[in-house]
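Novice: Need coordinates for the below:
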Amino acid sequence: MSELKTDAFWMPFTPNRTFKAAPRLVESAEGIYLTEKDTGRQIIDATAGLWCSNAGHCRTEIADAIHQQAGKLDYSSIFNFGHELGFAYADRLVKHTPDGLDHVFFGNSGSEAVESALKIALQYQRARGKGTRTMFIGREKGYHGVNFGGISVGGIAPNYQTFGQPVKANHLRHTLDIERNAFSRGLPEQGVELAEDLERLVAFHGADQIAAVIIEPFAGAGGVILPPKGYLKRIREICDRHDLVLIFDEVITGWGRTGSAFASVEWDVTPDMITSAKGITNATVPMGAVFVQDEIYNTVMDAAPEGMVEFFHGYTYSAHPVACAAGMATLDIYEREGLLTRAGGDIGRHWENALHGLADLEQVIDVRNYGLVGAIELRAPDNLKGKFGGKVSALAWEAGVMARGIGDALCMSPPLIIEEHQIDELMQKLRGVIKDL
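Specialist: Numbering: from 1, shown residues only. The predicted model follows:
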């Protein structure tokens, strides 16, 4: 094979010059393992791709469904036309959502799902005669994709500092409190009072100016920051008091990560909308979705004149038939193998114990976990504070583990099919890496 040419590809969220000087290339994948090109080494995919390959890599059933659908109906416009699979898939999806979230708006990614949810919130406020409600409340360290709406409500500074925040937004304080909650198992005990920050923002802006609050049940790309006990319920109560729409961004937390289909189910807090992507198709074909509460949907429908478009928004590939087929096959696997609840059982407890087994290492200052997600916070040298995780992630790759470096933490979300002996292998490798720091 000819020498790889890397100049043409402008890689996302990557220091391109550094990477292209020494590329880390994946050739194939199966189950929880990646195969490195050239060396043939087996790498444990401790991040399920990018929080998304929940059922493991290269599932034959999904590949077959994609192939069959592409040979039958590869594409059809969804504007004023339809295909049966899109309706069947939507109907099947909402069987897993919290009660009352019975409508699905399809897009192609988590970023588009967030953009759609923000627009739905604005449309709903206008449809019910509250058109002054045009701003949003997000949260520090929150990640909601990279479209202009997403970076405005998101709270990760490098994502918006170059581009601004063109959608009106303010931000709640984040809930990371290592000093009070270090080495918590599951949800941290301290910090429910941080939800009261929403009352402060409502008082400052006025409820009649706020369209919606959007938060991740736990912040993923911010560093696996779990909500304190009672925090999400308190956010829901405050939203109810001030008649605010509550959106949960479950692009990461959805489809089994916490031990239930959605974190909102796991923690018994029902938002008005849920954004979804990633694990919805096991990441095989791009797909995003917004699950919408009945009252919001009905209000938007009823406000438009008969025969008129109710919502001027959509994408060429909304409900793409091949993506729907991949999603249907993914649901088959989730349901048949019990993957949507597996993280809440013995494997989740083994994961917790194994992660916290690294707490004895001098370099580890915190371990956070829930279901099958976790983070190891490291003591960074002064010259690398805030970016030590990336350095350690590169060392983990050399040891045979793909883990995500965020700030000073190594963050992980392994495929839901991972077994106990594979968790032990993963932690053994990480122990060696961290000890050698």
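Novice: Around residue 211, how many other residues sit close by?
Specialist: The tally of other residues near residue 211 (other CB atoms under 10 Å) stands at 28. C-betas here are computed from N, CA, C, even on glycine.
Novice: Spit out the contact partners of it.
Specialist: 118, 121-122, 125, 133-136, 245 (CB atoms under 8 Å, 6 or more residues apart in numbering).
Novice: Does it belong to a helix, a strand or coil?
Specialist: Three-state assignment for residue 211 (DSSP: H, G, I helix; E, B strand; the rest coil): strand.
Novice: Check it and give its pLDDT.
Specialist: Looking at residue 211, its pLDDT reads 98.
Novice: swap in residue 3?
Specialist: 82.
Novice: Go ahead and produce CSV holding the CA coordinates of the stretch of helix or strand residue 123 belongs to.
Specialist: Using DSSP states H and E, residue 123 sits in helix 110-127. The C-alpha coordinates for helix 110-127 follow below in CSV (Å, rounded to 0.1, in the frame of the first residue of the first chain):
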residue,chain,number,x,y,z
GLY,A,110,-26.2,15.3,18.9
SER,A,111,-25.3,18.8,17.7
GLU,A,112,-28.4,18.8,15.4
ALA,A,113,-30.6,17.3,18.1
VAL,A,114,-29.6,20.2,20.5
GLU,A,115,-30.2,22.8,17.8
SER,A,116,-33.6,21.3,17.0
ALA,A,117,-34.6,21.2,20.7
LEU,A,118,-33.6,24.9,21.2
LYS,A,119,-35.8,25.8,18.2
ILE,A,120,-38.7,23.7,19.4
ALA,A,121,-38.5,25.5,22.7
LEU,A,122,-38.7,28.9,21.0
GLN,A,123,-41.5,27.7,18.7
TYR,A,124,-43.4,26.4,21.7
GLN,A,125,-43.1,29.7,23.6
ARG,A,126,-44.2,31.7,20.6
ALA,A,127,-47.1,29.3,20.0
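Novice: Residues in contact with it: which ones?
Specialist: Under CB under 8 Å, 6+ apart, the answer for helix 110-127 is 105, 107, 131, 133-134, 136, 144-147, 149-150, 153, 167, 211-212, 214, 245, 247, 249, 251, 273, 275-278, 288-290, 292, 296, 299-300, 302-304, 311, 313, 315.
Novice: In CSV, list the C-alpha atoms belonging to stretch 30-41.
Specialist: Extracted in CSV, the C-alpha atoms of stretch 30-41 (Å, rounded to 0.1, in the frame of the first residue of the first chain):
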residue,chain,number,x,y,z
GLU,A,30,-14.6,-6.0,17.1
GLY,A,31,-16.4,-6.2,20.4
ILE,A,32,-14.6,-4.0,22.9
TYR,A,33,-11.3,-4.0,21.0
LEU,A,34,-9.7,-1.9,18.3
THR,A,35,-6.8,-3.1,16.1
GLU,A,36,-4.0,-0.7,15.5
LYS,A,37,-2.8,-0.4,12.0
ASP,A,38,0.8,-1.4,11.3
THR,A,39,1.4,-3.0,14.7
GLY,A,40,-1.7,-5.1,14.8
ARG,A,41,-2.0,-4.4,18.6
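Novice: ok now that stretch, how far from the chain's centre?
Specialist: Offset of stretch 30-41 from its chain centre (CA atoms, centre = their mean, to the nearest Å): 25 Å.
Novice: Which residues belonging to that stretch are considered buried?
Specialist: Buried residues in stretch 30-41, counted by 16 or more other CB atoms under 10 Å: 31-36.
Novice: For the stretch 101-250 of the chain, which residues score under the pLDDT cut-off?
Specialist: For the stretch 101-250 of the chain, no stretch has pLDDT under 70.
Novice: now the helices for it?
Specialist: Ranges of helices within the stretch 101-250 of the chain are 110-127, 148-153, 157-160, 178-181, 197-205, 231-241, based on DSSP state H, counting those that start in this stretch.
Novice: Make CSV from those and add distance to residue 11 and mean neighbour count to it.
Specialist: Below are those laid out as CSV (distance: least, CB to CB, whole Å; neighbours: other CB atoms under 10 Å):
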stretch, distance to residue 11, mean neighbour count
helix 110-127, 17, 25
helix 148-153, 19, 25
helix 157-160, 16, 14
helix 178-181, 32, 12
helix 197-205, 36, 16
helix 231-241, 35, 19
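Novice: Now distance to residue 328 too, for these, in TSV please.
Specialist: TSV is the format used below for those (distance: least, CB to CB, whole Å):
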stretch	distance to residue 328
helix 110-127	19
helix 148-153	27
helix 157-160	33
helix 178-181	40
helix 197-205	38
helix 231-241	30
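Novice: among those helices, which is nearest residue 350?
Specialist: Closest to residue 350 of these, according to CB to CB: helix 178-181, at 22.2 Å.
Novice: Residue 134 is in contact with residue 168, isn't it?
Specialist: Yes. Counting by CB atoms under 8 Å, residue 134 touches residue 168, with 6.1 Å between them.
Novice: Give the intersection of the neighbour lists for the two.
Specialist: Residues touching both residue 134 and residue 168 (CB under 8 Å, 6+ apart): none.
Novice: and the residue nearest to residue 361 when sequence neighbours are not counted, what element?
Specialist: Computed as CB to CB, 6 or more residues apart in numbering, the closest residue to residue 361 that is not its neighbour in sequence is residue 434, at 5.2 Å. Using DSSP H and E, residue 434 falls within helix 420-435.
Novice: Tell me the buried residues in that helix?
Specialist: 422-423, 425-427, 429-431, 433-434.
Novice: still on that earlier bit, now list the buried members of the contacts of helix 110-127.
Specialist: If you count burial by 16+ other CB under 10 Å, the buried members of the contacts of helix 110-127 come out as 105, 107, 133, 136, 144-147, 149-150, 153, 167, 211-212, 214, 245, 247, 249, 251, 273, 275-278, 288-290, 292, 296, 299-300, 311, 315.
Novice: Now stretch 255-272: buried residues?
Specialist: Buried positions in stretch 255-272, judged by neighbour count with 16+ other CB under 10 Å: 255-267, 269-272.
Novice: in stretch 10-18, what counts as buried?
Specialist: For stretch 10-18, burial by neighbour count (16+ other CB under 10 Å) applies to no residue.
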